[in-house]
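Enquirer: What shape does this take:
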Amino acid sequence: MQTPRLTVLGAGPGDPELLTLKGARVLSEADVVLYDALANRALLRHARPEAVLVPVGKRRGMRSHGQDDINALIVDYARRYGHVVRLKGGDPFVFGRGREEMLYAEAHGLLTDYVPGISSAVAAAGAAGIPVTHRGLSEGFRVITATTATGELAGSIREAARDARGTTIILMGLGELPRIVREFCQQGHADTPAAIIQNGTLPHARLVTGPVAELPERAAAAEIGAPAIIIIGEVTRLATPEKLALLPALYAA
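Expert: From the prediction side, this is the model:
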């Protein structure tokens with residue numbers, strides 16, 4: 001029986017080829033893989049045939065495992081099988097609750113490790129030709145989430161709206177888009193360029209761009225859905241939709 005342990009692993013932004021080499025090795029060593037809805041299932045090919053694969057994805061508005069349930073599953077499977085890999089979309093330490101799961105596991109006697117993943121905050125934007133920083137346009141960027149644990153609009157949204165210099169990247173914010181836009185418009189940023197990218201780095205990626213004030217209308221017209229990131233700032237003027245259009249051909253190759 002192996003020592004019970006947990007590895008929290010970043011699956012990256014969607015494209016399975018963006019998994020790190022260490023991540024692929026860790027998956028190949030797993031006895032159990034608990035994987036999120038945002039983790040590309042193609043990554044499970046790295047797991048051994050005898051590994052136990054358990055979906056524990058959480059999606060807004062859909063029935064899913066609660067965090068307490070996932071924590072309990074980690075400990076239970078580790079004690080029964082040995083090495084549990086928690087496969088989480090993007091980077092687990094960027095609004096992924098990865099460290100929370102490690103702390104719970106450690107409190108129950110498990111050894112833990114963390115393997116970073118490429119965050120969609122940077123990679124999804126880059127796939128559409130949008131750099132989060134660019135000389136002359138943005139000297140820095142902030143990555144924030146739209147809501148607090150209680151569902152209220154995050155204070156960081158208001159702070160970003162008051163000081164809209166640089167690039168603001170909002171994760172898990174599509175459902176709060178009207179409120180986000182209202183905050184930025186109230187602070188005089190209605191005309192600031194912005195973009196929304198759905199399924200960045202994947203063949204079915206989609207992009208809408210325009211001034212902040214028009215984002216809700218444009219997103220609705222394009223039927224943009226989750227998962228998506230919102231980017232606000234001058235760098236979105238550099239968006240190149242043709243890059244996204246090439247992704248299906250690149251995957252086919």
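Enquirer: the helices in the stretch 101-250 of the chain, which residues?
Expert: With DSSP state H, counting those that start in this stretch as the criterion, the stretch 101-250 of the chain has helices at 120-127, 155-162, 177-186, 215-221, 241-245, 247-252.
Enquirer: Mean neighbour count, these: which tops it?
Expert: With neighbours taken as mean count of other C-beta atoms under 10 Å, the helices of the stretch 101-250 of the chain reach their highest mean count in helix 120-127, at a mean of 24. In short, each C-beta sits where N, CA and C put it, glycine included.
Enquirer: Can I get it as PDB, trimmed to CA atoms?
Expert: Taking C-alpha atoms only, helix 120-127 is exported to PDB below (Å, rounded to 0.1, in the frame of the first residue of the first chain):
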ATOM      1  CA  SER A 120      -6.300  30.900 -18.800                       C
ATOM      2  CA  ALA A 121      -5.900  34.400 -17.600                       C
ATOM      3  CA  VAL A 122      -2.800  34.800 -19.800                       C
ATOM      4  CA  ALA A 123      -3.100  31.900 -22.300                       C
ATOM      5  CA  ALA A 124      -6.700  32.400 -23.500                       C
ATOM      6  CA  ALA A 125      -5.900  36.100 -24.100                       C
ATOM      7  CA  GLY A 126      -2.700  35.200 -25.900                       C
ATOM      8  CA  ALA A 127      -4.500  32.700 -28.100                       C
END
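Enquirer: what sits up against that helix?
Expert: Contact with helix 120-127 is made by 12-14, 18, 89-90, 94, 131-132, 143, 169, 171, 195, 197, 200-201, 205, 227, 229, 231, 235, 243-244, 247, as judged by C-beta atoms under 8 Å, 6 or more residues apart in numbering.
Enquirer: Filter these down to the buried ones.
Expert: Buried subset of the contacts of helix 120-127 (neighbour count, 16 or more other C-beta atoms under 10 Å): 12-14, 18, 89-90, 94, 132, 143, 169, 171, 195, 197, 200-201, 205, 227, 229, 231, 235, 243-244, 247.
Enquirer: Restricted to strands, list those.
Expert: By the criterion of DSSP state E, membership of the buried ones among the contacts of helix 120-127 in strands covers 143, 169, 171, 195, 197, 229, 231.
Enquirer: how about residue 137, what does it touch?
Expert: Going by C-beta under 8 Å, 6+ apart, residue 137 touches 233, 234, 235, 237, 238.
Enquirer: pLDDT and distance to residue 117 added to those residues, as CSV?
Expert: Output for these, formatted as CSV (pLDDT from 0 to 100; distance: C-beta to C-beta, whole Å):
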residue, pLDDT, distance to residue 117
233, 96, 24
234, 96, 28
235, 96, 23
237, 95, 28
238, 95, 25
